[in-house]
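>>> I would like to see how this sequence folds:
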Amino acid sequence: MTVAPVVLADSATRAAILDVEERRRRALLEVDLDTLRDLYDDSLIHTHAPGLTHTKAQLLEHIATRAPYKGATRGELTIRVIGGVAVMTGRLINRLGSPDGSERTVAGQVIQVLRRCEDGAWRFVSFQMTPDGEHVWAPTAEEKAGLDRIAQEEQQ
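Numbering: from 1, shown residues only. Reported below is the predicted structural model:
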């Protein structure tokens, strides 16, 4: 058995995956179901910040009937590649509509997994958002440096 190393995405792979992510972001805001259908693998599992988990079909129905996405801002993204799989991690700030017509903001860290398909396209197979929450421990020096970087990105 050959074991694939975990490496940072090269510039071409990084650009391709960032393009797929931008297309996903725009399609969510525009409720472009055809684009989302193409970007999401049939095996997609999408777990929202509050823990609600959708399959591809359920997520498309959710987007079509609720059009919840009003804005989405990404922070710095790290993309690691393991063979034909990419793991993208980073910050996401979503502006979302609510059933009562109000809007709310949900921010946190996201893990997205994409696979390289037979046609050469990258497609999302997994999404998990962990919303910002209470931190009971003071940050370590390394954590503080990361938090400072996030705060600077959000001010830009």
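>>> contacts, neighbours, all on C-alpha from now
OK.
>>> can you give me the helices in the protein?
If DSSP state H is used as the criterion, the helices of the chain fall at 11-30, 33-39, 56-66, 141-155.
>>> what about the second one, distance to the chain center?
Its chain's C-alpha centre and that of helix 33-39 lie 15 Å apart, by C-alpha atoms, centre = their mean, to the nearest Å.
>>> Could you pull up the mean pLDDT of that helix?
For helix 33-39, mean pLDDT rounds to 99.
>>> what residues does it touch?
By C-alpha atoms under 8 Å, 6 or more residues apart in numbering, the list of residues contacting helix 33-39 from outside reads Val20, Arg23, Arg24, Ala27, Leu28, Lys56, Leu60, Ala64, Trp122, Arg123, Phe124.
>>> Tell me the buried residues in it?
Taking 16 or more other C-alpha atoms under 10 Å as the neighbour-count basis, helix 33-39 is seen to contain the buried residues Leu36, Arg37, Leu39.
>>> weakest of the helices of the chain in terms of mean pLDDT?
The lowest average pLDDT among the helices of the chain, as it happens, falls on helix 141-155, at a mean of 79.
>>> Pull out the buried residues from that helix.
Residues of helix 141-155 classed as buried under the neighbour-count rule (16+ other C-alpha under 10 Å) do not occur.
>>> Now do it: which elements does it pack against?
Applying 3 or more C-alpha pairs under 8 Å, 6 or more residues apart in numbering; DSSP states H and E, one finds that helix 141-155 makes contact with strand 69-82.
>>> Direction included, what does the strand it packs on pair up with?
Taking DSSP bridges as the criterion, strand 69-82 forms sheet pairs with strand 6-8 (antiparallel), strand 85-97 (antiparallel).
>>> orientation of the last one relative to helix 141-155 in degrees?
So the one you mean is strand 85-97. Angular relation of strand 85-97 and helix 141-155 on a 0 to 180 degree scale: 50 degrees, by axes from the mean of the first three to the mean of the last three C-alpha atoms, to 10 degrees.
>>> Show me what the mean pLDDT comes to for strand 85-97.
97.
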